[in-house]
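>>> Provided below for reference: sequence and predicted model.
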Amino acid sequence: MNRQKKLQQLFKAKAKKASAKLAPKSKTRYISKADRLKLAAAADQDSTVAAES
């Protein structure tokens, strides 16, 4: 591969990575199963406290 082609390839790769960083994230952050259970338990506890009031 000649030098000019290699430089163009590197430039394109860096530009692609930079634009990917600026793009909005489509996926939400992963929440583990244990954390989901904790959140559900906390939500249930909050709803029972509100129902008792």
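Now that the structure is in, tell me what you want to look at.

>>> which stretches in the protein count as helices?
Here the chain has its helices, by DSSP state H, at 3-22, 33-52.

>>> CSV for those helices, including mean neighbour count and mean pLDDT?
For glycine as for every other residue, the C-beta is placed from the backbone atoms N, C-alpha and C. Formatted as CSV, the helices of the chain follow (neighbours: other CB atoms under 10 Å; pLDDT from 0 to 100):
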stretch, mean neighbour count, mean pLDDT
helix 3-22, 9, 96
helix 33-52, 9, 85
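
>>> for the spatially most central residue of the chain, give me the pLDDT.
Residue closest to the mean C-alpha point of the chain, counted by CA atoms, centre = their mean, is R29 at 4.1 Å. Looking at R29, its pLDDT stands at 88.

>>> again, but for S53
58.

>>> just S32 next, same as before
97.

>>> which ones are touching it?
With contact set as CB atoms under 8 Å, 6 or more residues apart in numbering, S32 has no partners.

>>> what distance do you get for it to L39?
In this view, S32 and L39 are 11 Å apart by CB to CB, to the nearest Å.

>>> what do these two both touch?
Residues touching both S32 and L39 (CB under 8 Å, 6+ apart): none.

>>> how close does the residue nearest to the centre of the chain sit to D35?
With CB to CB as the criterion, R29 and D35 are 11 Å apart.

>>> before we move on, what about A23?
Counting by CB to CB - A23 and D35 are separated by 27 Å.

>>> same check on P24?
The value you get for P24 to D35, if CB to CB is used, is 24 Å.

>>> A15 now?
Distance from A15 to D35, by CB to CB: 37 Å.

>>> could you do Q9 as well?
42 Å.

>>> again, but for L22
Applying CB to CB to L22 and D35 gives a distance of 29 Å.

>>> one more: A18?
32 Å.

>>> for A13, same thing?
Distance, A13 to D35, by CB to CB: 35 Å.

>>> cool, and L7?
L7 is 46 Å from D35, by CB to CB.

>>> same question for F11.
Taking CB to CB, one finds F11 at 41 Å from D35.
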